[in-house]
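J.: Based on what follows, work out the 3D shape:
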Amino acid sequence: MIVREVQLERELEALLAHEWLVTNGLGGYASGTVLGAPTRRYHGLLVASHPAPLGRVLLLAQLTETLRLPDGRLVDLSARERMKGGIVAPGAGYLDGFRLEDNLPVWRWRIEDHVVERRILMPHRQNTVHVGWRLIAGRGPLRLGLRPMLGFRGHDAPVSAPDGAPYSVRAVDDRIEIAGPPEMPVLRLFLHGARKALGLEPRLERGLRYRVEERRGYDHLGDLWSPGLFRAELDAETPEATLVASSEGWDVLMALAPDEARRAEARRRAGLLSRALPAAQTGFAAELVLAADAFVIAPAGRIEDQARARAAGDEMRTVIAGYPWFTDWGRDTMIALEGLALVTGRHDDAGHVLRTFAGATRDGLIPNLFPEGEREGLYHTADATLWFFHAVDRYLAATGDRRTLALLLPSLEEMVRRHIGGTRFGIGVDPRDGLLTQGAAGYQLTWMDAKVGNWVVTPRRGKAVEINALWYNALRLLEGWLRQERGDAAARPLAELAARVHESFNGRFWLESAGHLLDVVDGEQGDDASFRPNQIFAVSLRHPVLLPARWRSVVDAVHARLWTPVGLRSLAQGQPGYEARYDGDLRARDGAYHQGTVWAWLIGPLVDAWMRVHPGEGAAELLAGFEAHFTDACAGSVSEIFDAEEPYAPRGCFAQAWSVAEVLRALVKVTG
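T.: Numbers count the residues shown, from 1 in each chain. The predicted model follows:
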């Protein structure tokens with residue numbers, strides 16, 4: 001077992017800044033603050049993932065938790081923040097520790113001579129959560145009181161959304177079912193414990209404040225409803241009690257007793273570590289392997305696609321781009337696949353992911369994303385398909401799976417044909433130089449994709465540097481696969497086009513006076529010399545498009561101007577439009593998203609490029625800040641983005657797939 005103690009400050013504000021995450025392999029999750037008071041609309045103990053059009057729904061929002069001591073005193077260990085009265089956290093003074101055990105959260109409270117722990121887990125691929133309590137020290141008896149607080153709304157619906165009342169409550173013996181709006185699943189609750197009781201005592205708690213939503217400019221006041229109070233006793237002979245909440249049927253919910261569920265999940269997580277590359281089985285890398293597990297899912301939402309995959313003898317897998325609000329994005333999936341599924345030894349999952357996305361190809365493009373609760377993808381991306389070639393290459397290097405290559409090859413050829421001839425959103429080859437151009441009014445097609453209303457913050461229309469680095473790489477990869485499968489004649493046209501792209505790229509993008517690359521050529525305003533990290537891909541990919549003599553100049557410039565301990569800035573300091581801080585309402589945040597904000601995932605390509613030009617020199621130092629961050633925001637994961645300047649405050653999604661994946665992959669590369 002891997003145990004990491006999280007060092008907690010005692011101030012309530014600091015305890016609210018620490019978050020945690022548990023996932024279920026379906027896209028569902030539980031999350032919250034270490035203190036217990038929810039600060040985001042997404043915080044809840046059961047966010048269940050259901051088929052489209054429902055998507056992910058918050059059902060069990062919180063638990064009010066009390067302990068009655070042997071002398072009759074009542075200790076409230078809960079926390080909440082009200083519109084009036086501020087933070088209420090009477091149990092904060094008893095909080096004695098918080099740790100991760102195999103990346104699962106464990107709280108410890110010390111109340112005089114009693115020590116009580118709480119742990120949370122979600123059985124794999126179930127919309128079920130177990131919240132377990134155990135008396136660790138002291139004889140008791142302690143009378144545990146648990147009041148479930150319900151939300152019944154889409155997980156990204158405003159906290160001010162109607163709470164679904166009136167609820168229908170059905171209690172049979174020690175089981176309880178709550179039905180809310182007709183489109184919502186039924187929530188089932190069951191308490192395992194000694195001398196337990198259930199009292200139906202409905203209560204509505206009004207005016208709860210969600211401070212992160214307030215800071216982000218969203219509705220931030222909401223109500224929660226409770227059906228009643230569960231009670232159980234903890235003592236030396238019967239020290240445990242566990243509340244199980246689920247939107248599954250009773251047969252699934254009751255299939256595993258709490259101790260069986262804990263053992264099953266411990267075995268599963270041990271298996272994750274045993275399959276990973278040797279360099280990823282210990283230390284910080286092993287913790288990242290466990291963090292990576294949160295993102296690889298069997299999607300619950302797209303029933304028709306699952307049926308088609310299974311009819312062909314396959315399985316659907318995809319990657320949640322980030323928790324709590326992202327779904328599965330094509331670009332993020334293909335960038336993250338190596339770290340999430342190949343470094344971790346999950347080769348079958350990687351193959352399923354590639355075939356899943358290949359099956360969703362339209363007009364030579366893989367989806368940009370699958371929106372929440374939708375059955376069809378959106379295709380407005382110029383680079384996700386090119387990253388697909390990269391992911392296939394990394395998969396083949398790890399597995400040698402020629403059967404999957406044979407299955408994918410027709411799709412890969414069609415992708416290149418459609419790019420040469422032109423496809424959606426103005427994506428196509430300029431016949432004058434062989435470079436790939438893209439752009440359509442109102443769309444943001446590169447990874448720098450922030451948009452607020454009609455404002456596309458960084459449109460980058462034209463010939464973007466990383467798009468053409470990826471295009472060259474894709475052509476060279478397909479050339480090699482065709483040569484292996486069909487011979488030189490089949491590969492020759494790709495080789496000729498790739499050679500032309502290489503010549504044009506080095507003639508058009510190189511800025512001799514500055515020693516680095518342009519960000520966009522032939523753009524709407526001409527050439528764009530903004531100093532951004534996108535140029536690193538001209539060196540980092542399997543087939544670098546940049547002339548080797550220029551590699552060091554680009555890599556050293558990117559390192560000097562963009563590197564931070566937690567990733568690369570998206571724009572160099574001093575450049576027009578640079579923003580040092582990502583915060584505020586939606587317009588302010590998206591205006592800064594790619595205008596300086598640090599992106600953790602970019603550390604991966606920097607390490608790749610660095611090791612090409614500085615072999616054996618300081619690559620490990622590039623990753624120095626990530627282990628400290630691992631318990632800084634969401635304990636046990638890596639944030640999406642950070643402010644561009646010290647102290648590099650974590651921002652965006654608190655757990656991001658490509659952040660975890662690229663830090664893990666780079667760490668294994670420099671240490672393994």
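
J.: hang on, isn't Asp363 packed against Thr423?
T.: Yes: the pair Asp363 / Thr423 is scored as a contact, 4.8 Å apart, by Cβ atoms under 8 Å. C-betas here are computed from N, CA, C, even on glycine.

J.: which of the two has more neighbours?
T.: Thr423 (20 against 14; other Cβ atoms under 10 Å).

J.: Got phi/psi on the more buried one?
T.: Phi and psi for Thr423, reported as degrees, to the nearest 10, are phi -130, psi -160.

J.: OK, contacts around it?
T.: By Cβ atoms under 8 Å, 6 or more residues apart in numbering, the contact list for Thr423 reads 363-365.

J.: Isn't Leu35 up against Ala79?
T.: Yes: between Leu35 and Ala79 there is a contact under Cβ under 8 Å: 4.7 Å.

J.: what touches both of those two?
T.: 87, 89, 92.

J.: With respect to Gly207, which of those is nearest?
T.: The nearest member of the shared contacts of Leu35 and Ala79 to Gly207, counting by Cβ to Cβ, is Ile87 at 13.4 Å.

J.: so the closest one sits right up against Glu81, yeah?
T.: Yes: assessed by Cβ under 8 Å, Ile87 is found in contact with Glu81 at 4.8 Å.

J.: These two: who's more crowded?
T.: Neighbours around Ile87 and Glu81, counted as other Cβ under 10 Å, are more numerous at Glu81. The numbers are 22 against 17.

J.: Against Gly151, how distant is that one?
T.: 16 Å (Cβ to Cβ, to the nearest Å).

J.: same question, Leu606
T.: 41 Å.

J.: If you count surrounding residues, which of those two has more?
T.: Gly151 (30 against 25).

J.: Quick check, pLDDT for the more buried one.
T.: Note for Gly151: predicted pLDDT of 90.

J.: can you confirm it is in a strand?
T.: Yes: assessed by DSSP: H, G, I helix; E, B strand; the rest coil, Gly151 belongs to a strand.

J.: Hmm, it is touching Arg56, no?
T.: No: the pair Gly151 / Arg56 is not scored as a contact, 11.9 Å apart, by Cβ under 8 Å.

J.: Tell me where the model's unsure across the chain.
T.: Low-confidence segments of the chain (pLDDT under 70): 162-165, 301-303, 311.

J.: From Leu198, how far out is the residue positioned nearest the centre of it?
T.: The centroid of the chain falls nearest to Gly322 when counting by Cα atoms, centre = their mean (2.2 Å). For Gly322, the distance to Leu198 equals 37 Å [Cβ to Cβ].

J.: What helix or strand is Ala266 located in?
T.: For Ala266, the host element (DSSP states H and E) is helix 258-275.

J.: who are the neighbours of that helix, in terms of helices and strands?
T.: strand 114-121, strand 128-137, strand 240-246, helix 283-292 (3 or more Cβ pairs under 8 Å, 6 or more residues apart in numbering; DSSP states H and E).

J.: run the last query once more with 7 Å
T.: Contacts defined by 3 or more Cβ pairs under 7 Å, 6 or more residues apart in numbering; DSSP states H and E place helix 258-275 against strand 114-121, strand 128-137, helix 283-292.

J.: Just give me how far it sits from the chain centre.
T.: Helix 258-275 sits 22 Å away from the centroid of its parent chain (Cα atoms, centre = their mean, to the nearest Å).

J.: Can you name the residues bridging to Met149?
T.: Taking DSSP bridges as the rule, Met149 bridges to Gln62.

J.: quick one: contacts for it?
T.: Residues near Met149 by Cβ atoms under 7 Å, 6 or more residues apart in numbering: 61-64, 205, 224, 226.

J.: Quick one: classify the residue nearest to Leu342 when sequence neighbours are not counted as helix, strand or coil.
T.: Among residues not flanking Leu342 along the chain, Ala398 sits closest, at 4.5 Å (Cβ to Cβ, 6 or more residues apart in numbering). Of the three states, Ala398 takes helix according to three-state DSSP.

J.: Tell me which helix or strand the residue sitting furthest away from the middle of the chain sits in.
T.: Most distant residue from the mean C-alpha position of the chain: Asp71, 46.0 Å away (Cα atoms, centre = their mean). Secondary structure assignment for Asp71, by DSSP H and E: no helix or strand.

J.: follow-up on the earlier one: of the contacts of Met149 - the most surrounded one?
T.: Each of the contacts of Met149 was scored by neighbour count (other Cβ under 10 Å); the top score is that of Ala61, with 27 neighbours.

J.: tally of neighbours for Leu378?
T.: Leu378: 13 neighbours (other Cβ under 10 Å).

J.: Might one say that it is in contact with Arg362?
T.: No: counting by Cβ atoms under 7 Å, Leu378 sits too far from Arg362 to count as a contact (10.1 Å).

J.: sorry, back to before: restricted to strands, list the shared contacts of Leu35 and Ala79.
T.: Per DSSP state E, strands hold the following members of the shared contacts of Leu35 and Ala79: Ile87.

J.: Residues that sit against both of Ile87 and Glu81, list them.
T.: Joint contacts of Ile87 and Glu81 (Cβ under 7 Å, 6+ apart) are Ala37.

J.: how about Leu478, secondary structure?
T.: Secondary structure, three-state DSSP: Leu478 is helix.

J.: give the contact list for it.
T.: Contacts of Leu478 (Cβ under 7 Å, 6+ apart): 389, 412, 416, 494.

J.: ranking those by neighbours, who comes first?
T.: That'd be Phe389 among the contacts of Leu478, by other Cβ under 10 Å, with 25 neighbours.

J.: My guess is it contacts Leu477. True?
T.: Yes: at 5.0 Å, Phe389 counts as touching Leu477 under the criterion of Cβ under 7 Å.

J.: Give me the contacts around stretch 180-190.
T.: Taking Cβ under 7 Å, 6+ apart as the rule, stretch 180-190 contacts 48, 50, 54, 57, 59-60, 148, 150, 152, 164, 167, 174-179, 243-247, 250, 253.

J.: mind listing what Leu408 touches?
T.: 354, 358, 392.
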